[in-house]
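[1] Based on what follows, work out the 3D shape:
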Amino acid sequence: MTTRRQARVAEQIQIELSKLIEQELDDPRLNLVSITDVTISADLREANVYASALPGEAVKAEVLAGLEHARGFLRHGLAERMQLRVVPDLHFHWDKSLETGDRISRLLDQIDAESAE
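    Below you'll find the predicted structure:
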């Protein structure tokens, strides 16, 4: 179960990471990256960061490599922007929810088209 504090810290990390990536990173691999979700451990020492990018699954490896490369910079940026005793270790993951939602939408459209025939 997620506590209110975990939810607040995770939300703030998501906001700050998005700003850092957009405003302070010049890595071309991270141009169209969105931080879609952050979950944080109960002790606030580990954060799972979920990201996606506009081109989709095709750039997954590049985006994750870019985020891993910028991990130290991003943690340092979080330390400067947030009042936390310990800045969590960041673990980056690809968020498949957009692709899954798109696939479901296409399947529903296909069902509608078949039932209209």
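[2] what separates stretch 19-35 from the chain centre, distance-wise?
    How far stretch 19-35 lies from its chain's middle: 11 Å, per C-alpha atoms, centre = their mean, to the nearest Å.
[3] what comes up buried for that stretch?
    20-21, 25, 27, 29-30, 33-35 (16 or more other C-beta atoms under 10 Å). C-betas here are computed from N, CA, C, even on glycine.
[4] Likewise for stretch 68-75?
    Buried, per 16+ other C-beta under 10 Å, within stretch 68-75: 70, 74-75.
[5] Show me how far that stretch is from its chain's centre.
    14 Å.
[6] So which residues make contact with it?
    17, 20-21, 24-25, 27, 30, 67, 87, 89-90, 92 (C-beta atoms under 8 Å, 6 or more residues apart in numbering).
[7] returning to what we had before: return the closest of the buried residues of stretch 68-75 with respect to Tyr50.
    Within the buried residues of stretch 68-75, distances to Tyr50 taken as C-beta to C-beta reach their minimum at Leu74, with 14.2 Å.
[8] what's the spacing between that closest one and Asp89?
    According to C-beta to C-beta, to the nearest Å, Leu74 stands 11 Å off from Asp89.
[9] what does Gln12 give?
    Applying C-beta to C-beta to Gln12 and Asp89 gives a distance of 16 Å.
[10] between those two, which one's more packed in?
    Just comparing Gln12 and Asp89: by other C-beta atoms under 10 Å the higher neighbour count belongs to Gln12, 16 against 11.
[11] looking at this, Asp37 is in a strand?
    Yes. Asp37 forms part of a strand when assessed by DSSP: H, G, I helix; E, B strand; the rest coil.
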